[in-house]
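*Asks:* Fold the following.
(chains A and B, ligands or ions: 2)
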Amino acid sequence: MIEFCGVGKTYAGGTVAVEDFSYTVQANSLVVLVGSSGSGKTTLLRMVNRMVEPTAGSVLIDGRDVAGLDRVRLRRSIGYVLQAGGLLPHRTIADNVATVPVLNGTRRREARSAVVGLLERVGLDPSCAERYPSQLSGGQQQRVGVARALAADPDILLMDEPFGAVDPIVRRELQDELRRLQRELGKTILLVTHDIDEAFRVGDEVVVLKERGVTAQVGTPADILAHPADAFVRSFVGADRAERRLRTTDVDGRRVLVDDDGRPAGVLVAAEERRTAP
Amino acid sequence: MTWFSHAWGWVLELTWAHLWLSLPAILLSVAIAVPVGRLAFRRPGLGGALLSGSSLLYSIPALPLLIIVPAVFGVPLRSSATIIIALTVYGAALMVRTAADAFASVDSHVREAAIAVGHAPRELFWKVDLPLAVPVLVAGLRVVTVSTVGLVTIGALIGVPSLGTLFTDGFQRGIVAEVATGLIATVVLALALDGLCLLAGRALTPWRRAVEGAGA
Ligand SMILES: Nc1ncnc2c1ncn2[C@@H]1O[C@H](COP(=O)(O)OP(=O)(O)OP(=O)(O)O)[C@@H](O)[C@H]1O
Ligand SMILES: [Mg+2]
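*Replies:* Ligands and ions are numbered 1, 2, ... in the order given. I've put the predicted structure just below:
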């Protein structure tokens, strides 16, 4: 569980990145902070592992104020996934994945023996272990970044625009796999993005941020779509966009959903027809 | 050539002496310039002063330096120590700026990511900053190597034997072949050591070859 208690951040230059933010990320949930560029998402995320020190308020992990914890140990106990993976370009994939266990004092051989399993877990062919990051595609590097974050088996994962640098198809794939990982591993995940579709796709709960980290709305994706709190959220989630406004029409006895522009979006199925989750 | 056929043993001896004056000076230069350069990079305020200071040191003419060094360090004037210390002053001064540039060349996103996953400051230096600075550091090392091998010859002026001795001796005795031999041997030694630096740089940066190999 991560608690933000009235945190604020004013940077040295006087920029107020976050004014006053309070929110609790429940254990084993996947929460998405979503907002436009400069709304303070990264600042909030980095307060959790003390890459940023709040100038007001505090962040608690399982009830303990992170300000009282050793930074380096704290960071090693939290998985952190950055845009484009943030891998070390001079270390092989295996060494990258083994980074945190090795920093924690696990012998290199031993740490590397766990690498194959981790690579498989994030959907990578273990044969890439001896390659360097620049020899992998953006999507593959992103997966390595996730494997590295999982290597020390942390309870918490922080993800900053983790899928920002990959094409839309790979992005969808990675988003679905993140959901799968979350189900399998039961981590507490805090993910930051400016892409509302991504937020709705992966989040158990979504926090919509305005400028300066002001919370515009908190809720499940369905809540937010059904009842946008105000005009800002309405426009941010595109509640008025044609593709969000669906109605049904009858096509040869099947109920087809079409959007406001009349483009088909899918078919309506009865509850018993539902696919079981993959 | 007749001169050389008599004197090749001596030339070899002087080359060896030259090498043993150059190598300690080069290694000490690197050992000093790298931490100072890193400091200059980390503390830009102090860094400016350090870089100006090193330029100033480099601008001291050689002969006065050979007098100052024994006075400051308490070593005998006509000794290897004087030459090695003097050349270390030049080498370190020459390399500090490149070392600062080398650390500045490390991608700040990579450094941030390394901190975020839990590298302590010392681990950051040894495991991230230093290896990633190697390409630029090696470029600086090559300049220092060639410059040092050339400068060792000034030791002949205070009677410390090196290939430079062939210049002074050859001039005094009017033997062109001797002067030419000194010149050529110095250049060959400089190129050989430069080549070694190049190879060492390659060996230390396997990831760069991997990228080229992939045709990326
Ligand atoms: N180190 C810093 N020093 C000064 N100002 C900063 C610093 N980091 C961020 N800011 C400012 O704080 C505000 C919030 O930045 P932050 O990076 O948290 O936003 P963000 O929501 O992550 O944006 P993006 O989607 O572009 O990544 C911005 O106005 C930014 O310019
Ligand atoms: Mg950001």
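*Asks:* Around chain B, pick out the residues from chain A.
*Replies:* Contact residues, chain A versus chain B (C-beta under 8 Å from any C-beta of the partner chain): A:46, A:49, A:51, A:72-73, A:75-76, A:80, A:82, A:86-91, A:99-100, A:103, A:131-132, A:134-135, A:148-149. Where you see a C-beta, it was placed from the backbone N, CA and C, and this is true even at glycine.
*Asks:* downstream neighbour of the helix or strand harbouring residue B:138 in the secondary structure list?
*Replies:* Following DSSP states H and E, one finds residue B:138 within helix B:130-151. Moving toward the C-terminus from helix B:130-151, the next helix or strand (DSSP H and E) is helix B:164-173.
*Asks:* So for that next one, what gets flagged as buried?
*Replies:* Within helix B:164-173, the residues that count as buried by 16 or more other C-beta atoms under 10 Å in any protein chain shown are B:164-170.
*Asks:* for the chain, what spans make up the helices?
*Replies:* As the question left the chain open, I've gone with chain A. According to DSSP state H, chain A carries its helices in the segments A:41-48, A:71-76, A:93-97, A:99-103, A:108-113, A:115-121, A:138-150, A:168-185, A:196-202, A:221-226, A:231-236.
*Asks:* Switch to chain B, please.
*Replies:* Using DSSP H, helices in chain B cover B:2-42, B:44-58, B:62-73, B:80-104, B:108-116, B:121-123, B:130-151, B:164-173, B:176-204, B:206-213.
*Asks:* which one of those lies closest to chain A?
*Replies:* Between chain A and those, the shortest gap by C-beta to the nearest C-beta is with helix B:108-116, which sits at 3.1 Å.
*Asks:* What lies in contact with that closest one?
*Replies:* Contact with helix B:108-116 is made by A:46, A:49, A:51, A:75, A:80, A:82, A:86-89, B:124, B:127-129, B:132, as judged by C-beta atoms under 8 Å, 6 or more residues apart in numbering or on different chains.
*Asks:* So residue B:86 sits against residue B:71, correct?
*Replies:* No - between residue B:86 and residue B:71 there is no contact, the gap being 11.9 Å when judged by C-beta atoms under 8 Å.
*Asks:* So between these two, which is more surrounded?
*Replies:* Taking other C-beta atoms under 10 Å in any protein chain shown, residue B:86 and residue B:71 do not tie; residue B:86 has more neighbours (25 against 9).
*Asks:* In a markdown table: the buried residues of helix B:164-173, plus distance to residue A:228.
*Replies:* Shown next, in a markdown table, are these (distance: C-beta to C-beta, whole Å):
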| residue | distance to residue A:228 |
| --- | --- |
| B:164 | 83 |
| B:165 | 87 |
| B:166 | 87 |
| B:167 | 86 |
| B:168 | 89 |
| B:169 | 92 |
| B:170 | 91 |
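*Asks:* Tell me which two of the residues you listed sit farthest apart.
*Replies:* B:164 and B:170 (10.3 Å; C-beta to C-beta).
*Asks:* For the residue lying closest to residue B:103 once chain neighbours are set aside, grab the count of nearby residues.
*Replies:* Computed as C-beta to C-beta, 6 or more residues apart in numbering or on different chains, the closest residue to residue B:103 that is not its neighbour in sequence is residue B:41, at 4.0 Å. Other residues lying near residue B:41 total 20 when counted by other C-beta under 10 Å.
*Asks:* so who does residue B:107 touch?
*Replies:* So residue B:107 contacts A:89, B:132 (C-beta under 8 Å, 6+ apart).
*Asks:* redo that, cut-off 6 Å
*Replies:* Under the criterion of C-beta atoms under 6 Å, 6 or more residues apart in numbering or on different chains, residue B:107 has no neighbours.
*Asks:* do you know how far it is from residue A:47?
*Replies:* Using C-beta to C-beta, to the nearest Å, residue B:107 is found at 24 Å from residue A:47.
*Asks:* Likewise for residue A:10?
*Replies:* On the measure of C-beta to C-beta, residue A:10 and residue A:47 end up 13 Å apart.
*Asks:* Name the residue in those two with the higher neighbour count.
*Replies:* A direct count of neighbours by other C-beta under 10 Å for residue A:10 and residue A:47 places residue A:47 higher, at 25 against 14.
*Asks:* Surely that one is in contact with residue A:53?
*Replies:* No - the pair residue A:47 and residue A:53 fails to qualify as a contact (C-beta atoms under 6 Å) at a distance of 7.5 Å.
*Asks:* And for the residue in the stretch 51-200 of chain A that ligand 1 sits nearest to, the neighbour number?
*Replies:* Nearest to ligand 1, among the residues of the stretch 51-200 of chain A, is residue A:194, at 4.7 Å (C-beta to the nearest ligand atom). Neighbour count of residue A:194, defined by other C-beta under 10 Å: 18.
*Asks:* what sits against it?
*Replies:* Contacts of residue A:194 by C-beta under 6 Å, 6+ apart are residue A:36.
*Asks:* which phi and psi does it have?
*Replies:* Phi and psi for residue A:194, reported as degrees, to the nearest 10, are phi -110, psi 0.
*Asks:* Point to the helix or strand of chain B where mean pLDDT is at its lowest.
*Replies:* Lowest mean confidence among the helices and strands of chain B (mean pLDDT, DSSP states H and E): helix B:206-213, at a mean of 77.
*Asks:* how close does the residue of the stretch 51-200 of chain A closest to ligand 1 sit to chain B?
*Replies:* Distance, residue A:194 to chain B, by C-beta to the nearest C-beta, to the nearest Å: 18 Å.
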